[in-house]
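In: Sequence first, then the predicted structure:
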Amino acid sequence: MTVFPKIMQLLKEKNMNDVLLTGGGIIPEDDMKTLNDLGTGKLFAPGTTTSEIAAYIKNWVKENRNF
């Protein structure tokens, strides 16, 4: 609840709306909800597979970036 909000603030100040901020680890569910409400991407719990994380990022990029 310290780092993510600061990064989200900086991204918004720079109008970097096409940058995904995601992460994971031991994050309480209430904090995950608050961070998602601030605009972070999906936050992954311990044990999430690398393939699940990669699939999420690939899908996010397809939906949110213009190439």
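Out: Everything's here; your move.
In: On the three-state scheme, M16 is what?
Out: At M16, secondary structure determined by DSSP: H, G, I helix; E, B strand; the rest coil is coil.
In: and it, how many neighbours?
Out: A count of nearby residues for M16, using other Cβ atoms under 10 Å, gives 10. In short, each C-beta sits where N, CA and C put it, glycine included.
In: Okay, strands next: where are they in this structure?
Out: 23-24, 43-44 (DSSP state E).
In: and those as a markdown table, adding distance to R65?
Out: Shown next, in a markdown table, are the strands of the chain (distance: least, Cβ to Cβ, whole Å):
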| stretch | distance to R65 |
| --- | --- |
| strand 23-24 | 19 |
| strand 43-44 | 20 |
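In: any weak-confidence spans in this protein?
Out: 67 (pLDDT under 70).
In: Going along the chain, name the helices of the protein.
Out: Here the chain has its helices, by DSSP state H, at 3-13, 29-38, 50-64.
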